[in-house]
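K.L.:
What shape does this take:
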Amino acid sequence: MKQFKDFISYNAYVGLNKPLDNDLDIGYYDPPNMLLKSEPVMVDFYRISIKVNFIDQSIPDAKPVTAVFFNSPDIATGWNAAPTYSGMYVQLSKRIIEEHRFLFKNYLDYGQHEALYLTAQEVQEINTVFRFMMQYYNGEKLQFNVLLSYVNLLVSLVEEFYKRQFSNDPRQYNRILTDFLQYLNEYYNTPVRKLPNVQYFADKLGLTPNYLGDIIKHFTNKSALENIHEFVIKKAKELLEEKRSMNTTQVAYELGFEYPNYFARFFKKQVQLTPTEYRRLLLNKSQ
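P.N.:
Numbering: from 1, shown residues only. This next block holds a predicted model:
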């Protein structure tokens, strides 16, 4: 599999313009002069790709879509595109993301199958922002801070548009929420060796952790991790109440905690009582 460490080599492979900077690259797509079909490749940077009337020819009877797609490091992506689309792209180095993480959102790590589908009005808004970005990118002197501000504006718009997409298609996303809750409830049906985490449920649902987390947060007003922690506490309370023969160390291992002391701290943070104090309180109430 081909791997690309920088914009220069990737752009040359795809047929994009040579980048003007090693940390931030933007440009317009020109499909007739680009590589339209490729086996999966990996890039060591982040890409935001806006494509208008894009047709994925690897999907039978695929219809044109206008959407924002994402590529992130360590995720292989291939393509087979019809030469009829237009659009633009933003490429960001790992260094830029790490140094300015507060400017960027979870969806930079979304998968290709977790695209944002745009309305005509949203395309117009993104086009307006992009024109300003190109103006500063192609100026006599690359104005990095101004460009970063426009990139932040772009990703903030995308965040709002995702909220619209989540709200406008509740059936699809409610199904994801329902499946997440079902897998959560089934987690302790068999013996476990570790605590449940967001990655586990994302893998079960075929989603990236950030995408799943944003859907859960949108519909429950709590993060996926908060939902998981609440469930673990619920199970802990059940075991402390119903399995009196188990001591708190055994309860911790039953729940998937590697260290009983961590279970005690986790429980107290959530309940304001240690597991022993909680069990004692239950005994006092029952007498």
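
K.L.:
contacts and neighbour counts: CA atoms only from here.
P.N.:
Noted.

K.L.:
What score does the residue nearest the centre of the chain have for pLDDT?
P.N.:
Centre of the chain computed as the mean C-alpha position; nearest residue by C-alpha atoms, centre = their mean is Asn210, 2.6 Å away. Note for Asn210: predicted pLDDT of 90.

K.L.:
where does the stretch 151-287 of the chain dip in pLDDT?
P.N.:
Applying pLDDT under 70 to the stretch 151-287 of the chain picks out residues 287.

K.L.:
what about the helices in it?
P.N.:
Along the stretch 151-287 of the chain, counting by DSSP state H, counting those that start in this stretch, helices occupy 170-186, 198-205, 209-220, 224-242, 248-255, 260-271, 275-286.

K.L.:
Count the neighbours of Glu242 for me.
P.N.:
Close neighbours of Glu242, defined as other C-alpha atoms under 10 Å, add up to 10.

K.L.:
ditto for Ser86
P.N.:
So Ser86, with other C-alpha under 10 Å, has 15 neighbours.

K.L.:
circling back: verify the stated contact: the residue nearest to the centre of the chain with Tyr110.
P.N.:
Yes: counting by C-alpha atoms under 8 Å, Tyr110 is a contact partner of Asn210 at 6.5 Å.

K.L.:
And for Phe7, the neighbour number?
P.N.:
Neighbour count for Phe7, taken as other C-alpha under 10 Å: 26.

K.L.:
returning to that earlier point: for the helices of the stretch 151-287 of the chain, give me TSV that also has distance to Phe45.
P.N.:
Shown next, in TSV, are these (distance: least, C-alpha to C-alpha, whole Å):
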stretch	distance to Phe45
helix 170-186	29
helix 198-205	21
helix 209-220	17
helix 224-242	26
helix 248-255	38
helix 260-271	36
helix 275-286	45
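
K.L.:
Leu20 is nearest to which of the ones you listed?
P.N.:
helix 209-220 (30.5 Å; C-alpha to C-alpha).

K.L.:
quick check: angle from the closest one to helix 224-242?
P.N.:
Counting by axes from the mean of the first three to the mean of the last three C-alpha atoms, to 10 degrees, helix 209-220 lies at 70 degrees to helix 224-242.

K.L.:
what's stretch 212-220 in contact with?
P.N.:
Stretch 212-220 is contacted by residues Asn106, Lys163, Phe166, Tyr173, Asn174, Leu177, Val198, Ala202, Lys222, Ser223, Ala224, Leu225 when judged by C-alpha atoms under 8 Å, 6 or more residues apart in numbering.

K.L.:
Only the buried members of the residues you listed: can you turn that into a ChimeraX selection?
P.N.:
Buried residues among these (16 or more other C-alpha atoms under 10 Å), as a ChimeraX selection:
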select :166,173,174,177,198,202,223,224
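
K.L.:
just the contacts of stretch 212-220 now: which is nearest Gln91?
P.N.:
When those are ranked by distance to Gln91 (C-alpha to C-alpha), Asn106 comes first, at 15.8 Å.

K.L.:
And what about Asn127, helix, strand or coil?
P.N.:
Judged by DSSP: H, G, I helix; E, B strand; the rest coil, the three-state class of Asn127 is helix.

K.L.:
okay, now it: neighbour count?
P.N.:
Using other C-alpha under 10 Å, Asn127 has 16 neighbouring residues.

K.L.:
Please report the distance of it from Glu159.
P.N.:
Separation of Asn127 from Glu159 (C-alpha to C-alpha, to the nearest Å): 16 Å.

K.L.:
mind showing which ranges of the stretch 1-150 of the chain have poor pLDDT?
P.N.:
For the stretch 1-150 of the chain (pLDDT under 70), the answer is 103-107.

K.L.:
Give me the neighbour count for Thr248.
P.N.:
Counted with other C-alpha under 10 Å, the neighbours of Thr248 add up to 21.

K.L.:
wait, it sits on Pro275?
P.N.:
Yes: using C-alpha under 8 Å, Thr248 is in contact with Pro275, at 6.6 Å.

K.L.:
Find residues that contact each of these two.
P.N.:
Common neighbours of Thr248 and Pro275 are listed as Leu240 (criterion: C-alpha under 8 Å, 6+ apart).

K.L.:
give me every residue that touches the closest residue to Pro73 other than its chain neighbours.
P.N.:
Closest residue to Pro73 apart from its sequence neighbours, by C-alpha to C-alpha, 6 or more residues apart in numbering: Asp44 at 4.6 Å. Asp44 is in contact with Gln3, Phe4, Lys5, Asp6, Ser72, Pro73, Asp74, Ser93, Lys94, counting by C-alpha under 8 Å, 6+ apart.
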